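# Just to be clear, the model below is a prediction. Sequence and coordinates:
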Amino acid sequence: MQNPVLVEVTRGDRVESAHRGMVAVVDGDGKLVMGLGEIELPVYPRSAVKSMQALPLVENGAAAAYGFGNRELAMSCASHSGEPEHVAAAGDMVARAGLSEVDFECGSHWSFYPKVMIEQVRDHNKPDQLFNNCSGKHAGFLCVSCHAGVDHHGYTGYDHFVQEGIRDVMEDLTGAPLGTDVCGFDGCSIPTYAVPLKSIAHGFARMATGVRLGEERAKAAKTLMDACMAEPFYVAGTGRMCTELMELAPGRIFVKVGAEGVYCGAIPELGLGIALKCEDGAERAANVMIAAVLAKLLKDDAELSAKLAEKARPKLSNWNKMMVGSLQPAGELA
């Protein structure tokens, strides 16, 4: 089966490029609501499943013990841009556990936010690990380990207490076995697992609905999703699609991007989970896909659906600020 073209890139009146993809939308009972492409194909969801990876932070009591509110919980699910607020929040999270930047194992990179990155380069200010887009998640991992009384060193390793807990959570949510045969390593050094796209979507539907999760896990999942929807800036940042989509409909849309063209999300009021992937890994096309999917699913709210549909048709301009084309949904997403 060949994945369908779901996004086209135009220049003038012609299609210049096209992106194929897959989309799975599933309800809490596992019923497929929308299926496009090879949705049974295992994919690495990458950072799109950070809210699943953050469940132990709430479940083992660490979040409560360290006084984390919505901002810190959103950071634990974030791929942030390394803006000053993000950096400060990540540092504060681990400080509450008596740790600091040197205890992170995610590595460092320049801020994703152009203004901050330019200042870093201009001032010869080499970024530390707090600027890593995954530092909020890693702060959560460190707090999980410390609260449990487990040595945090090596917390990114496959056999560490923290990663074992994450693996158990993800197996429970998705129903997929996660072993070394489907394991790779993410950009921030933790294990990442290839899971069928449909199973990932089902996992997010279960987080949104609590179906067969048990009271404690259902409550923790709701707490994390609610936190992300309440503090979308801390999930991504200025001008980022995750933040902008959640800001369009406060408390109604949860979305999270992952590397290589992945998005996961949920619409709690509809009890639906979403997982999609642009086949060639292009985030520009994945942005269009998630906005178009949300617009279709929320079609009964005409005003919101129109705003989402507009997000799915970004204009392209050249260096002289001329409008030269656009991205647009194609095929069954059009």
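Thanks, I have the structure now. Numbering: from 1, shown residues only.
# following the worst-scoring helix or strand of the chain on mean pLDDT, which helix or strand comes up?
In the chain, the helix or strand scored least confidently by mean pLDDT, DSSP states H and E is helix 114-122, which has a mean of 94. Using DSSP states H and E, the helix or strand that directly follows helix 114-122 along the chain is helix 135-147.
# Let me see the mean pLDDT of that following helix.
Averaged over helix 135-147, pLDDT sits at 98.
# what helices or strands is that helix leaning on?
Counting contacts by 3 or more CB pairs under 8 Å, 6 or more residues apart in numbering; DSSP states H and E, helix 135-147 packs against helix 55-59, helix 62-65, helix 70-76, helix 84-95, helix 161-174. In short, each C-beta sits where N, CA and C put it, glycine included.
# Please enumerate the strands of the stretch 201-334 of the chain.
Applying DSSP state E, counting those that start in this stretch to the stretch 201-334 of the chain gives strands spanning 254-258, 262-267, 272-278, 315-317, 323-329.
# what helix or strand does residue 6 sit in?
With DSSP H and E as criterion, residue 6 is part of strand 5-11.
# quick check: angle from that strand to strand 272-278?
50 degrees (axes from the mean of the first three to the mean of the last three CA atoms, to 10 degrees).
# Might you report the residue contacts of the closest residue to residue 137 other than its chain neighbours?
The spatially closest residue to residue 137, leaving aside those adjacent along the chain, is residue 50, at 5.4 Å (CB to CB, 6 or more residues apart in numbering). Shown in contact with residue 50 (CB atoms under 8 Å, 6 or more residues apart in numbering): 76, 77, 78, 79, 134, 137, 256.
# Which single one of the residues you listed is nearest to residue 297?
Here the nearest of those to residue 297, counting by CB to CB, is residue 256; it sits at 16.3 Å.
# Give me the number of neighbouring residues for residue 82.
24 (other CB atoms under 10 Å).
# give the contact list for it.
Listed by CB under 8 Å, 6+ apart, the contact partners of residue 82 are 109, 110, 111, 112, 113, 116, 117, 127, 131, 132, 133, 237.
# so the second one touches residue 118, yeah?
Just to be clear, that refers to residue 110. No: Residue 110 is beyond contact range of residue 118, at 9.7 Å (criterion: CB atoms under 8 Å).
# Next, the contact list for the nearest residue to residue 255 once chain neighbours are set aside, please.
In space, residue 255 comes closest to residue 265 once its chain neighbours are excluded; the distance is 3.7 Å by CB to CB, 6+ apart. Residue 265 is in contact with 204, 253, 254, 255, 256, 273, 274, 290, 294, counting by CB under 8 Å, 6+ apart.
# Find the nearest non-adjacent residue to residue 53, please.
residue 166 (5.0 Å).
# State the distance from the one you found to residue 267.
25 Å (CB to CB, to the nearest Å).
# How about residue 313?
From residue 313 to residue 267 the distance is 21 Å (CB to CB).
# what do you get for residue 178?
26 Å.
# Those two: which is more packed in?
residue 267 (22 against 19).
# Run through the bridge partners of the more buried one.
Taking DSSP bridges as the rule, residue 267 bridges to residue 272.
# CA atoms only: put stretch 127-136 into CSV for me.
Extracted in CSV, the C-alpha atoms of stretch 127-136 (Å, rounded to 0.1, in the frame of the first residue of the first chain):
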residue,chain,number,x,y,z
PRO,A,127,24.2,27.1,25.5
ASP,A,128,24.0,24.7,28.3
GLN,A,129,21.6,21.7,28.7
LEU,A,130,18.7,23.9,30.0
PHE,A,131,18.4,25.2,26.4
ASN,A,132,17.8,21.7,25.1
ASN,A,133,14.2,21.5,23.8
CYS,A,134,13.8,18.4,26.0
SER,A,135,15.1,19.8,29.2
GLY,A,136,11.6,20.0,30.7
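# Closest to residue 9 out of the contacts of residue 82?
When those are compared against residue 9 (criterion: CB to CB), the nearest one is residue 112, at 22.8 Å.
# one step back: what does the pLDDT read for the residue nearest to residue 137?
98.
# Same question for residue 192.
Confidence score, pLDDT, at residue 192: 98.
# now swap in the one 4 residues further on and tell me
Residue 196 carries a pLDDT value of 98.
# residues in contact with it?
39, 40, 41, 42, 43, 174, 176.
# that older thread, does the residue nearest to residue 137 lie in a helix or a strand, and which?
Going by DSSP H and E, residue 50 is in helix 50-53.
# could you dump that helix to CSV, C-alpha only?
The C-alpha trace of helix 50-53 is given here as CSV (Å, rounded to 0.1, in the frame of the first residue of the first chain):
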residue,chain,number,x,y,z
LYS,A,50,6.2,13.2,25.9
SER,A,51,2.9,13.3,27.8
MET,A,52,2.9,9.5,28.0
GLN,A,53,6.5,9.7,29.2
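# Spatially nearest residue to residue 62, not counting backbone neighbours?
In space, residue 62 is closest to residue 147, 3.7 Å off (CB to CB, 6+ apart).
# Quickly note the distance from that neighbour to residue 167.
Residue 147 is 19 Å from residue 167, by CB to CB.
# ditto for residue 123
Taking CB to CB as the criterion, residue 123 is separated from residue 167 by 41 Å.
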